[in-house]
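S.K.: I need the structure of the sequence given here:
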Amino acid sequence: MEEYKTITPSRISGYLSGLIDNQVNEVLTLYHQNKVKISDIIQRFNLEEIYIGDFCKHLPAKVCKKYVCPDCLVYSWERPKGRGKYSIPFCPECQTVMYNEYDAATIHSERAIKEAQIKKLDLQPINCRGDTLPFQIITKERFSNLDFESKVFIGAIASNCVSAKIGSVQGWQVKKAKFYPIKDLQNEIMYRLNFINEDVDQVHIEIEKELVNALQNPANLIESTIEERFNLWKKIAHAEVCEIFRKEMQESRFYAHIDEDTDQVLFSLLEDYSVAQICNVIWRSVRKAANEYAKTDNRSYAASSVLKHCLNHVAYKENKKELITDYGRPLYCRQSKVSQYYFDSFLKIGHAGFNKSPSPNYLVA
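M.R.: Presented below is the predicted three-dimensional model:
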């Protein structure tokens with residue numbers, strides 16, 4: 001069995017410097033038992049009078065052996081957050097939190113309302129009686145026979161239907177909305193599910209009501225292996241990187257076709273870096289190429305140098321043993337609905353889907 005490192009929490013404040021370790025432990029016990037007033041604890045141990053609300057900020061963290069950081073292989077810490085309450089466990093070395101608390105239904109509801117207001121996208125209930133257009137019903141039986149990615153895609157649709165308090169949607173509305181970072185992937189899965197047939201997108205998609213409700217807690221409904229989860233994470237991350245690359249190139253008026261070489265380079269970067277870090281690399285590399293174009297007036301040459309700059313920047317950082325800073329998601333590359341649903345509702349890792357390099361070990365941890 002692999003041994004994990006334990007880092008003993010040090011006192012984060014000099015406030016308790018006059019106490020020995022046994023006394024500090026007694027202070028922690030009395031504080032979390034919530035039977036003695038904080039003012040009495042301060043008086044009992046002859047501590048300096050402070051604002052009671054700040055007392056817990058001076059208390060040291062404790063080791064939490066329930067969670068291990070998959071990158072640093074050390075046991076996590078928890079900081080006192082209140083009487084009898086602790087913070088989410090985090091890595092004492094890289095400071096990464098071990099999980100995020102998400103209320104998926106509320107998150108999707110708020111996002112759907114905001115997007116509907118911005119785009120004026122009105123997903124109205126559909127009365128299919130007497131309707132001669134194609135009609136697709138997703139029952140529990142049909143859903144159970146789908147592949148893993150298709151189930152996640154249906155879950156993303158169901159989540160947005162619930163937000164609008166309906167159980168059905170038209171194919172053109174799904175096609176118009178951003179369910180995938182890249183339209184090709186979205187069209188591909190819609191063809192696979194027969195939501196688009198011979199370029200006919202006027203298809204009614206109806207998801208069984210009980211299935212819609214169940215998909216709000218998909219971990220209990222969508223069975224999958226670690227490999228399937230990792231592969232879909234990397235597929236979404238790769239699509240997001242390609243989208244960012246294309247948009248950044250277009251911003252500088254460079255030709256933005258994702259050819260085989262570009263695809264391979266961007267995909268390989270995900271072995272060691274997150275989408276957030278690669279966003280940083282792309283941003284810097286495109287602007288470096290833009291500076292070259294300003295000097296040479298050769299747009300084609302400058303555009304072709306972007307990948308070289310990406311690899312050179314990564315190699316430079318690795319040689320210097322420096323971390324590549326995370327960049328936020330660009331405003332013109334807003335998160336897709338499948339990405340939101342997959343990372344928030346299914347994996348429940350939230351922003352880690354963007355800020356962490358896809359890793360099966362992270363999913364296991």
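
S.K.: biggest strand in the chain, by residue count?
M.R.: strand 62-68 (DSSP state E).

S.K.: can you give me the strands in the stretch 151-300 of the chain?
M.R.: Secondary structure of the stretch 151-300 of the chain by DSSP state E, counting those that start in this stretch: the strands cover 168-170, 204-207.

S.K.: Point out where the stretch 1-150 of the chain drops to low pLDDT.
M.R.: Along the stretch 1-150 of the chain, segments meeting pLDDT under 70 span 1-2, 11-13, 100-135.

S.K.: any idea where the helices of it begin and end?
M.R.: For the stretch 1-150 of the chain, the helices defined by DSSP state H, counting those that start in this stretch cover 21-33, 38-44, 104-119, 140-144, 148-163.

S.K.: Now the phi/psi pair for the nearest residue to Trp77 once chain neighbours are set aside, please.
M.R.: Nearest in space to Trp77, with sequence neighbours left out and distances taken as C-beta to C-beta, 6 or more residues apart in numbering, is Ala61 at 4.1 Å. The way it works is simple: take the backbone N, C-alpha and C, and place the C-beta from them, glycine included. Dihedral pair for Ala61: phi -80, psi 170, per degrees, to the nearest 10.

S.K.: Relative to Ser10, how far out is Ala61?
M.R.: Separation of Ala61 from Ser10 (C-beta to C-beta, to the nearest Å): 9 Å.

S.K.: ok, the two, which is more surrounded?
M.R.: More neighbours surround Ala61 than the other of Ala61 and Ser10, with 21 against 8 (other C-beta atoms under 10 Å).

S.K.: Give me the buried stretch members for stretch 286-296, please.
M.R.: Across stretch 286-296, burial judged by 16 or more other C-beta atoms under 10 Å covers Val286, Lys288, Ala289, Ala290, Glu292, Tyr293.

S.K.: cool, and stretch 194-214?
M.R.: Phe195, Ile196, Asp201, Val203, His204, Ile205, Glu206, Ile207, Glu208, Leu211, Val212, Ala214.

S.K.: cool, and stretch 250-267?
M.R.: Judged by neighbour count (16+ other C-beta under 10 Å), stretch 250-267 contains these buried residues: Ser252, Phe254, Ala256, Ile258, Thr262, Val265, Leu266.

S.K.: now the last one, nearest residue through space, not along the chain?
M.R.: Going back to what we said before, that points to Leu266. Leaving aside its sequence neighbours, Leu266 sits nearest to Val241 (C-beta to C-beta, 6+ apart; 4.8 Å).

S.K.: what sits against Leu19?
M.R.: Leu19 sits next to Val27, Phe45 when contact means C-beta atoms under 8 Å, 6 or more residues apart in numbering.

S.K.: I meant Glu292, not that one.
M.R.: Tyr301, Ala302, Ser305.

S.K.: For Lys288, see how far away the last one is.
M.R.: Looking back up the chat, that one is Ser305. 8 Å.
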